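>>> Structural data only, the sequence is not supplied:
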């Protein structure tokens, strides 16, 4: 782009061909113009100063600080561009990032990096100072990210969201579509195809009873190890066969907390022998004194369904040395419960939960067991 | 506007389980568990959510029309939800400040802000879907022309500049962190591990049902979690505080994933259901009771 452009040069003398004396003449004329015709405080740039000013040695008159004339050799490359109409990518007028600062009486440091001559509209909007954007929809609060909102003392935010959801009017873009019904039909169709009928859903809860019903409804230690029937050929006929057929390694992932202590290196598919419950490798507790349920869901259930919080528990002795200590266990949802309580201790997630062990830095404390080859 | 186009979604046969090295699966699962833990922790204190059935359905159908992957539609819902929560926060914050400054003007501004939010909602929604598409495969990115045509067909005369500004607003509001986790990643990862561990029900078979169930959980998010909350407090009426505390459960994608897979296993082959649930418990450490309760809640709403 030629910044000089085809602008008319009203004071230009007729030039002879082959001789270029125009630039010198213009500069002299400009100086004469500024000195004689224009007052020092006027900020309109001279017409002829539209060419790039990077190489200029003298500061632009319009940007000179009348109060502090101590920076006479200041070079501002944006000079005389800020007041011109520049049309940007989306037909927006391109403005400087901070025109007011340039035109104000502040003394610019000689080392001040030159401002971008063509700031993009997006940059402009990004740098928009907060007071100007007040009232706009997207006022970005300082330091806020997409994560959890800072615990707000905001009144009725939940209600506001509810209200917004209820009163939103969505256009009828997809008539005759009901995804909920379609998904339900798909599920029922699959059930019909697989079983010929819709099974009793109560089986879900009934089947989750412990393996030995009648003996212990839910043994605390039972959660802390892999259920024995997982490896039982009686419970899973064909499982071993399938594994052998696959010839693949097994990932005995145990991501959880102490409850899913790795049962790695199970040498065979036979149920585990030895003392029951099997010894659990010592797993450091985050606090050393408390044990927590694995998930926030379990924790909340344990809070709401028992009258007292899980009692602090002294650090367990090394497993296998002393008698196994019964661990505090959130009551089963299938068992008789007390009434729901609104007792809420400090944030539940601050207590260790499912992946606390995962987050531990020490690989010795918890690690994935290696694969198993069949 | 175009009629509903049947999806050209990825078919089940496109997925291949068991093709990734076990070390990679371990690392990925560990990463997901850490991510989940962080999300659950950060959910504490979060007030409110923005997952209404009509809105989620709109996003799903729009993604379907634009032939986007399932993961994109879930991600779009996540982006939209966080963005709207952020908007509501900002509105409340501004309202509080204005109330302090001038009590007379505050109600008017409050109404104006809400009106603005309502008016721009569709624009925000499509921006979220467009952003989610950009996080997916580059050849499936939804261009501005497609979005503008869609909006125009609905009677919205937005310009390209407004569309771009809306996209930028969403990005800025979320601090450019839009690559949000979705439960689908957890489901697929756990299916992969189940496959390695010798699960009797094939992973590909479970996967198809899992997708349908995950759709349902997104669509019926509030009712399903309400059921779960009621089950956890013995069917009594939950208090507001209990509801707020339960937000962390709603953000537990690992719990959601095991519930989805368990429900899927029950649908596919409930003779092997116990084996699948046992594997899931062994993998994640989540209690059998919790898995069963969650899958029961999902199944109940699936067959309602």
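Sure, I can see it. Everything numeric here is computed off the predicted structure, so don't read it as measured data.

>>> okay, residue A:17: pLDDT?
pLDDT for residue A:17: 54.

>>> Residue A:278 now?
The model's pLDDT for residue A:278 equals 34.

>>> doesn't residue B:26 fall inside a strand?
No. Membership of residue B:26 in a strand is not supported by DSSP: H, G, I helix; E, B strand; the rest coil, which gives helix.

>>> Buried residues in stretch B:153-163, which are they?
When burial is assessed from 16 or more other Cβ atoms under 10 Å in any protein chain shown, stretch B:153-163 yields the following buried residues: B:156, B:158, B:162, B:163. Just so you know, the C-beta spots here come from the backbone N, C-alpha and C atoms, and that holds for glycine as well.

>>> Show me how far it is from its chain's centre.
26 Å (Cα atoms, centre = their mean, to the nearest Å).

>>> re the thing from before, which ones among the buried residues of stretch B:153-163 map onto strands?
Using DSSP state E, no member of these falls within strands.

>>> Next, format these as a markdown table and append pLDDT.
Formatted as a markdown table, these follow (pLDDT from 0 to 100):
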| residue | pLDDT |
| --- | --- |
| B:156 | 94 |
| B:158 | 95 |
| B:162 | 96 |
| B:163 | 96 |
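
>>> Where does pLDDT dip in the chain?
In the absence of a named chain, chain A is used. Applying pLDDT under 70 to chain A flags residues A:1-24, A:34-155, A:207-294, A:303-374.

>>> Actually, chain B is the one I wanted.
In chain B, residues with pLDDT under 70: B:1-15, B:45-48, B:235.

>>> Which residue is it, in it, that comes closest to chain A?
Among the residues of chain B, residue B:285 lies nearest to chain A; the distance is 1.5 Å by Cβ to the nearest Cβ.

>>> Ramachandran coordinates for that residue?
Torsion angles at residue B:285 (phi, psi; degrees, to the nearest 10) stand at phi 80, psi 10.

>>> go on, the one 4 residues further on?
Listed backbone geometry of residue B:289 is phi -60, psi -40, with angles given as degrees, to the nearest 10.

>>> Name the single longest helix found in chain B.
Using DSSP state H to define each element, chain B has its longest helix at helix B:70-101.

>>> So which elements touch that one?
Judged by 3 or more Cβ pairs under 8 Å, 6 or more residues apart in numbering or on different chains; DSSP states H and E, the packing partners of helix B:70-101 are helix A:157-167, helix B:53-65, helix B:105-119, helix B:121-135, helix B:160-173, helix B:183-196, helix B:203-219.

>>> let's go with 6 Å and repeat that
Contact analysis of helix B:70-101 by 3 or more Cβ pairs under 6 Å, 6 or more residues apart in numbering or on different chains; DSSP states H and E lists helix A:157-167, helix B:53-65, helix B:105-119, helix B:121-135, helix B:160-173 as its packing neighbours.

>>> which one of the ones you listed is the most hemmed in?
Highest mean neighbour count of those: helix B:121-135, a mean of 23 (counted as mean count of other Cβ atoms under 10 Å in any protein chain shown).

>>> Check the offset of that helix from the chain's centre.
14 Å.

>>> what's it in contact with?
Outside helix B:121-135, the residues that touch it by Cβ atoms under 6 Å, 6 or more residues apart in numbering or on different chains are A:168, B:62, B:68, B:72, B:75-76, B:79-80, B:141-142, B:147, B:158, B:166-167, B:170, B:178-179.

>>> Provide a list of residues in contact with residue B:72.
Counting by Cβ under 6 Å, 6+ apart, residue B:72 touches B:63, B:132, B:133, B:136.

>>> typo on my end, residue B:84
Counting by Cβ under 6 Å, 6+ apart, residue B:84 has contacts residue B:50.

>>> Against residue B:108, how distant is it?
22 Å (Cβ to Cβ, to the nearest Å).

>>> One more: residue B:162?
Going from residue B:162 to residue B:108 by Cβ to Cβ gives 25 Å.

>>> just residue B:214 next, same as before
From residue B:214 over to residue B:108 (counting by Cβ to Cβ), the distance is 43 Å.

>>> just residue B:65 next, same as before
From residue B:65 over to residue B:108 the distance is 39 Å, taken as Cβ to Cβ.

>>> could I get the buried residues of stretch B:153-163 as CSV with distance to residue A:196?
As requested, the buried residues of stretch B:153-163 are exported to CSV (distance: Cβ to Cβ, whole Å):
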residue, distance to residue A:196
B:156, 48
B:158, 52
B:162, 55
B:163, 51
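
>>> Let me have those residues in CSV, extended by distance to chain A.
Compiled in CSV, those are given as follows (distance: Cβ to the nearest Cβ, whole Å):
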residue, distance to chain A
B:156, 8
B:158, 13
B:162, 10
B:163, 11
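
>>> from the residues you listed, which is closest to residue A:27?
Residue A:27 lies nearest to residue B:162 out of the buried residues of stretch B:153-163, by Cβ to Cβ, at 45.5 Å.

>>> Could you find the closest non-adjacent residue to the closest one?
Excluding the flanking residues, the one nearest residue B:162 by Cβ to Cβ, 6 or more residues apart in numbering or on different chains is residue B:123, at 6.9 Å.

>>> wait, does the top helix by length along chain A contact chain B?
The longest helix of chain A (DSSP H) is helix A:179-195. Yes. Helix A:179-195 lies within reach of chain B by Cβ under 6 Å from any Cβ of the partner chain, at A:179, A:180, A:183, A:184, A:186, A:187, A:190, A:191, A:194.

>>> As JSON lines, those residues with distance to residue B:258 would be great.
Shown next, in JSON lines, are the residues of helix A:179-195 next to chain B (distance: Cβ to Cβ, whole Å):
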{"residue": "A:179", "distance to residue B:258": "24"}
{"residue": "A:180", "distance to residue B:258": "23"}
{"residue": "A:183", "distance to residue B:258": "20"}
{"residue": "A:184", "distance to residue B:258": "22"}
{"residue": "A:186", "distance to residue B:258": "21"}
{"residue": "A:187", "distance to residue B:258": "18"}
{"residue": "A:190", "distance to residue B:258": "20"}
{"residue": "A:191", "distance to residue B:258": "20"}
{"residue": "A:194", "distance to residue B:258": "21"}
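
>>> Residue B:245: which of the residues you listed is nearest?
Looking across the residues of helix A:179-195 next to chain B and measuring by Cβ to Cβ, the closest to residue B:245 is residue A:180, at 27.6 Å.

>>> and that closest one, how many residues sit next to it?
For residue A:180, the neighbour count with other Cβ atoms under 10 Å in any protein chain shown is 17.

>>> got a list of what it touches?
Residue A:180 touches residue B:219, counting by Cβ under 6 Å, 6+ apart.

>>> can you check the one 4 residues further on too?
Under the criterion of Cβ under 6 Å, 6+ apart, the contact partners of residue A:184 comprise residue B:302.

>>> change it to 10 Å
By Cβ atoms under 10 Å, 6 or more residues apart in numbering or on different chains, the residues touching residue A:184 are A:178, B:212, B:216, B:219, B:220, B:301, B:302, B:303, B:304.

>>> wait, isn't residue B:28 in contact with residue B:181?
No. In this structure, residue B:28 is not within contact of residue B:181 by Cβ atoms under 10 Å, at 11.9 Å.

>>> Now do stretch B:161-178: distance to the chain's middle.
Distance, stretch centre to chain centre, for stretch B:161-178: 19 Å (Cα atoms, centre = their mean).
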